[in-house]
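Peer 1: Quick one: sequence and predicted model below, then my questions.
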Amino acid sequence: MSKIIYRNVSLYFRDKASVFFSLLSVLIVMLLYILFLSNVQVVSITEQIGATANKNNISYLINTWILAGILSITTVTSTLGALAFMVNDRENKIIKDFKSSPITNSTYPVAGVISSFIVGLTMSIIALLIYGVYIFIDTGYLFSLIIIVETLALIVVSTIMNAALMGLLVSFISTNNVYSSASLIIGTTIGFVNGLYIPIGELPDKIQTFIKLLPFAHIASMFRQILMKDSIPKTFDGAPVEAINTYKEIFGIILKWKNESIAFNISLIFVIAVFTISIILFFINFRRKREEI
């Protein structure tokens with residue numbers, strides 16, 4: 001299995017297009033916020049806590065919010081990008097070689113999920129390091145050790161969930177053209193689902209409800225709760241509790257269901273449930289596809 005995993009990971013990093021598309025949505029988010037969208041948060045925050053708010057703290061707040069969104073996106077796009085080999089193997093009939101080789105039925109799909117996880121974990125940690133350095137340069141703030149550890153733990157959980165979910169999706173795709181189209185659609189829309197382009201709290205109620213039924217919004221919310229532990233108290237120091245709660249709700253730091261806040265542990269359980277269901281369905285569908293070959 002280790003050789004199959006090494007082969008899959010190598011194929012991903014050799015394919016510059018896959019790496020590019022994995023990072024495309026991240027680059028889009030960064031450019032949009034640098035050029036246009038950061039002002040939306042600045043206006044919202046200053047309206048709630050006054051024009052005398054510390055600009056450096058506001059910058060720290062916005063950057064931690066962006067980083068949370070970037071990580072929630074990267075764990076999706078990189079795991080999906082890493083699974084391109086599976087579609088290519090199916091389209092070019094390479095899967096037949098694995099079928100005729102002396103490996104168990106579960107070796108290939110298990111290796112696929114693990115490969116996707118390794119790629120997603122690597123890309124997400126790189127994103128955390130790069131943007132973490134940028135935040136330090138821009139604001140002078142460093143993350144505490146507990147925030148780093150909790151963020152890395154959530155990256156692991158998020159990446160393994162997305163590896164299983166994207167694996168399930170890819171198991172239904174048989175051609176590279178369809179895969180490329182699906183990757184492009186997911187890469188460009190995930191920012192909306194995670195509430196990056198338009199804050200979740202500003203969307204119509206029905207759309208908010210739909211988004212909260214998806215695991216991606218919960219992952220983004222959990223990343224925000226961890227990464228913004230310091231930036232929110234610093235920025236809203238002395239502000240009314242109502243102002244803080246309003247900000248958290250509008251910008252998707254806290255998700256609500258029927259006017260009740262969804263606890264971090266509930267979101268985590270939901271994400272684990274999605275992983276469990278996805279991995280079971282993935283193996284079932286892969287086994288069915290294998291028998292059709």
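Peer 2: That came through, no problem.
Peer 1: can you give me the helices in the stretch 51-200 of the chain?
Peer 2: Under the criterion DSSP state H, counting those that start in this stretch, the stretch 51-200 of the chain contains helices at 55-82, 84-91, 95-100, 107-139, 145-170, 176-193.
Peer 1: what residue ranges in this structure score low on pLDDT?
Peer 2: Applying pLDDT under 70 to the chain flags residues 17-18, 21-26, 29, 33-34, 36-44, 46-53, 95-105, 289-293.
Peer 1: tell me the contacts of Gly201?
Peer 2: Counting by Cβ atoms under 8 Å, 6 or more residues apart in numbering, Gly201 makes contact with 208, 249-252. Placement of C-beta: from N, CA and C, glycine included.
Peer 1: And for Met161?
Peer 2: Shown in contact with Met161 (Cβ under 8 Å, 6+ apart): 215, 219, 271-272, 274-275, 278.
Peer 1: circling back: closest one to Asp237 among the helices of the stretch 51-200 of the chain?
Peer 2: Comparison of these against Asp237 by Cβ to Cβ identifies helix 55-82 as nearest, at 7.9 Å.
Peer 1: Remind me what the closest one packs against, helices and strands.
Peer 2: helix 2-14, helix 16-32, helix 38-49, helix 107-139, helix 145-170, helix 176-193, helix 215-227, helix 231-235 (3 or more Cβ pairs under 8 Å, 6 or more residues apart in numbering; DSSP states H and E).
Peer 1: Show me what counts as buried in that helix.
Peer 2: Using 16 or more other Cβ atoms under 10 Å as the burial criterion, the residues of helix 55-82 that qualify are 57-82.
Peer 1: same deal with stretch 240-255?
Peer 2: Neighbour counts over stretch 240-255 (16+ other Cβ under 10 Å) mark 244, 247-255 as buried.
Peer 1: quick revisit: redo the contacts of Gly201 as JSON lines? Include distance to Lys16 and secondary structure.
Peer 2: Converted to JSON lines, these look like this (distance: Cβ to Cβ, whole Å; DSSP: H, G, I helix; E, B strand; the rest coil):
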{"residue": "Gln208", "distance to Lys16": "37", "secondary structure": "helix"}
{"residue": "Glu249", "distance to Lys16": "41", "secondary structure": "helix"}
{"residue": "Ile250", "distance to Lys16": "38", "secondary structure": "helix"}
{"residue": "Phe251", "distance to Lys16": "34", "secondary structure": "coil"}
{"residue": "Gly252", "distance to Lys16": "33", "secondary structure": "coil"}
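Peer 1: The residue most central in space within the chain: what's it in contact with?
Peer 2: Taking Cα atoms, centre = their mean as the criterion, Ser72 is the residue nearest the geometric centre of the chain, at 2.3 Å. Contact partners of Ser72, counting by Cβ under 8 Å, 6+ apart, are 158, 194, 216, 219-220, 223.
Peer 1: Does Ala243 touch Thr235 like I think?
Peer 2: No: contact criterion Cβ atoms under 8 Å: Ala243 and Thr235 do not qualify, at 10.4 Å.
Peer 1: any idea how far Gly112 is from Thr122?
Peer 2: 16 Å (Cβ to Cβ, to the nearest Å).
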